[in-house]
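A.B. asks: sharing a model that was predicted from the sequence below.
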Amino acid sequence: MTISSRAEHGATSLAASLPHSNADGALSEDAQITLVQNLRTDAVARYRDLFRTASSPIRTMARMMNEVQAEARKLGISRQILARELVNRTIGDVNVRSITEKIGGVDYTTIGEELGLTLRGEEIGGRISDGVVHEELKRREQEIELRLLREYSWDMRVYDVFGVGNPLLREKLAARFQKSWGIPVTPERTFISIGALDALNKSILSLGYHFKKKYGKVSSFAFPAPGFAVVNWQVEMAGLRLVKMHTSADNNFKVTYDSLKAALDADPELRLLYLTVSNNPTAFSYSAEEIEDVYRAIIEDGREFAVLADLAYVGTGPEFEDKARMAAFNSPDILPHTLFINSFSKVFTLTGDRYGWVSFQEPEWEEILKVAWNNLTAGLPAEWQLHYTALVEWLDEHPEIQGKIRALYELRREDLRRELHAINEQYDLFDIIGMDDHATIYNWSKLKPGQDALSLFEKTGIAGVSGSAFGYDDEYIRLSVGFIPIS
């Protein structure tokens, strides 16, 4: 019998054993809650051994949650009870069509409309969308294509030799980056990517090849754990040696001068570092001083070295703190070592659109990076680029949109903290709740001894992601802030 069939058989048996207190034979609310709780207990019992060997704890947790939800729906559990008793906090991204908050005189349900995501006639937050921004962006796309033809002699419908994106979009992104952070980047060394992951993959492949050809040996890549472990797969597929740096809670899970210096001393071929400036999963952010300390170890060592600075979550926390930490990169000693990996996925809730780019200063890396962009994608989709360019133009004209999204994240972060404290009073599961810097779209908490993501799910119905999914320990858990509205 498969896991799914055992689940279905168990759920049917559980339902049969429960009292039906309503006159029509339907399960009462209390009986429905008991049934869902029993489904959770049964699922955890079936999945615990699988979790010990699973290659992807995130997918395994999502699969278990999906099975419980499906069985509960088959048994007629009401939507209201499902929402209370099965809470999926594995997913981090905001669905603008599910925003319900109207708080402090601010209507957050309009965010999708202001971004041009909401279509004419959609009902969101009790309001029918007129689709004005969506249609305005479409209108601008045509203007942009004509401008590219007339002013740049750039035809979006033919082969792009280097595949790094149209020149107008690169100009706009470089100008936006410089205006936001005061860091001098150029359109010539700003390459468009299909999300941040695409930029990371191409950069890792390119630089790994460059260093091997130049120095005659396979390079090592430093991955600070806990971190966004998808990068590890990219590193191994590129044939680089993966070096995991186990960070400490004492340093808020960050790379330090001493830890990087020790890693450099131990490995003469260590030439790349993945640095998530505002971290997924921990939600801690590097201060300006901490960034300078990391680079001090690199500069003192003297070898050619590339830092892939992932900025996916810079812009989700307090604005003045983001400006201070980004200012640390604006140094003639630091910039030649840095590739800035950028994305609109989190900062603007545009995950499905896959808008990313990389900017860098080191001239020697330009040509080798172009080779990867051309060989891996042979050009970027024309319509996608046109919409991307129109959106950047729109966002430049409407900076208040980012402030509104940032405020929504902060409201949801605080609401989740309150929820977890209330849960902890009842179940005594957490040692520390919310260890973060009020940034990103996650909550990173420490469970008490003997507790883990499965016991949290069994007792509360909250599905989170174990620390092991990020190369760390299962006593820590990442819970999503972004996806679930404040009830």
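C.D. replies: Sure thing, it's come through.
A.B. asks: give me the element Phe223 is part of.
C.D. replies: Per DSSP states H and E, Phe223 falls inside strand 220-225.
A.B. asks: which residues touch that strand?
C.D. replies: 204, 208, 229, 231-232, 235, 240-247, 253-255, 260, 263, 267, 269-276, 470-472 (C-beta atoms under 8 Å, 6 or more residues apart in numbering). In short, each C-beta sits where N, CA and C put it, glycine included.
A.B. asks: drop anything exposed from those residues.
C.D. replies: Those of the contacts of strand 220-225 that meet the buried threshold are 204, 208, 229, 231-232, 235, 240-243, 245, 247, 253-255, 260, 263, 269-276, 470-472, by 16 or more other C-beta atoms under 10 Å.
A.B. asks: now, the contacts of strand 220-225 that are in strands?
C.D. replies: 241-246, 270-276 (DSSP state E).
A.B. asks: can you put the residues you listed in a markdown table and add pLDDT and distance to Pro224?
C.D. replies: Converted to a markdown table, the ones in strands among the contacts of strand 220-225 look like this (pLDDT from 0 to 100; distance: C-beta to C-beta, whole Å):
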| residue | pLDDT | distance to Pro224 |
| --- | --- | --- |
| Arg241 | 98 | 16 |
| Leu242 | 98 | 12 |
| Val243 | 98 | 10 |
| Lys244 | 96 | 8 |
| Met245 | 97 | 5 |
| His246 | 96 | 8 |
| Leu270 | 98 | 13 |
| Arg271 | 98 | 16 |
| Leu272 | 98 | 12 |
| Leu273 | 98 | 8 |
| Tyr274 | 98 | 7 |
| Leu275 | 98 | 7 |
| Thr276 | 97 | 8 |
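A.B. asks: between those, which is nearest Asn38?
C.D. replies: For the ones in strands among the contacts of strand 220-225, the closest approach to Asn38 (C-beta to C-beta) belongs to His246, at 38.5 Å.
A.B. asks: bridging residues for the closest one?
C.D. replies: Beta bridges link His246 to Ala225, judged by DSSP bridges.
A.B. asks: which SSE is Asp49 in?
C.D. replies: Going by DSSP H and E, Asp49 is part of helix 29-53.
A.B. asks: again, but for Thr60
C.D. replies: Secondary structure from DSSP H and E places Thr60 in helix 57-74.
A.B. asks: ok, the residue lying closest to Phe211 once chain neighbours are set aside - contacts?
C.D. replies: Residue nearest to Phe211 in three dimensions, not counting chain neighbours: Ser219, with 4.2 Å by C-beta to C-beta, 6 or more residues apart in numbering. By C-beta under 8 Å, 6+ apart, the contact list for Ser219 reads Leu207, Gly208, Phe211, Lys212, Leu240, Arg241, Glu269, Leu270, Arg271, Leu272.
A.B. asks: against which helices or strands is the one helix or strand Leu173 maps to packed?
C.D. replies: Using DSSP H and E, Leu173 falls within helix 167-181. In terms of contacts (3 or more C-beta pairs under 8 Å, 6 or more residues apart in numbering; DSSP states H and E), helix 167-181 is packed against helix 132-152, strand 190-194, helix 319-327, strand 338-343, strand 355-360, helix 382-397.
A.B. asks: Glu123: which of the ones you listed is closest?
C.D. replies: Closest to Glu123 of those, according to C-beta to C-beta: helix 132-152, at 14.8 Å.
A.B. asks: got the buried residues for that closest one?
C.D. replies: Neighbour-count burial for helix 132-152 flags Val133, His134, Leu137, Arg140, Glu141, Ile144, Glu145, Leu148 (criterion: 16+ other C-beta under 10 Å).
A.B. asks: turn these into a markdown table, columns for pLDDT and distance to Arg296.
C.D. replies: A markdown table is the format used below for the buried residues of helix 132-152 (pLDDT from 0 to 100; distance: C-beta to C-beta, whole Å):
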| residue | pLDDT | distance to Arg296 |
| --- | --- | --- |
| Val133 | 98 | 45 |
| His134 | 97 | 48 |
| Leu137 | 98 | 44 |
| Arg140 | 98 | 45 |
| Glu141 | 98 | 46 |
| Ile144 | 98 | 43 |
| Glu145 | 98 | 47 |
| Leu148 | 98 | 43 |
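A.B. asks: what mean pLDDT does stretch 94-105 have?
C.D. replies: Stretch 94-105 carries an average pLDDT of 94.
A.B. asks: pull out the buried residues from it.
C.D. replies: Quick answer for stretch 94-105 (16+ other C-beta under 10 Å): Val94, Asn95, Val96, Ile99, Glu101.
A.B. asks: turn those into a markdown table, columns for distance to Ile484 and secondary structure.
C.D. replies: A markdown table is the format used below for those (distance: C-beta to C-beta, whole Å; DSSP: H, G, I helix; E, B strand; the rest coil):
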| residue | distance to Ile484 | secondary structure |
| --- | --- | --- |
| Val94 | 10 | coil |
| Asn95 | 10 | coil |
| Val96 | 13 | helix |
| Ile99 | 11 | coil |
| Glu101 | 11 | coil |
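A.B. asks: spatially, which two of those residues are the most separated?
C.D. replies: Using C-beta to C-beta, the two most remote members of the buried residues of stretch 94-105 are Asn95 and Glu101, lying 12.8 Å apart.
A.B. asks: after the longest helix anywhere in the chain comes which helix or strand?
C.D. replies: Among the segments of the chain that qualify as a helix by DSSP state H, the longest is helix 400-427. Sequence-wise, the next helix or strand downstream of helix 400-427 (DSSP H and E) is strand 430-432.
A.B. asks: which neighbouring elements make contact with that following strand?
C.D. replies: Judged by 3+ C-beta pairs under 8 Å, 6+ apart, the packing partners of strand 430-432 are strand 442-447.
A.B. asks: residues in contact with the strand it packs on?
C.D. replies: Under C-beta under 8 Å, 6+ apart, the answer for strand 442-447 is 92, 226, 249, 253, 280-284, 413, 416-417, 420, 429-436, 455-456, 475-481.
A.B. asks: and if you look at stretch 230-238?
C.D. replies: Applying C-beta under 8 Å, 6+ apart, the external contacts of stretch 230-238 come out as Leu197, Leu200, Asn201, Ile204, Leu205, Gly208, Phe221, Phe223, Leu242, Lys244, Tyr274, Gly471.
A.B. asks: report the contact partners of the first one.
C.D. replies: With C-beta under 8 Å, 6+ apart as the criterion, the residues that contact Leu197 are Val230, Gln234, Gly356.
A.B. asks: of the residues you listed, which is the nearest to Leu119?
C.D. replies: Of all those, Leu119 sits closest to Gly356, with 24.3 Å by C-beta to C-beta.
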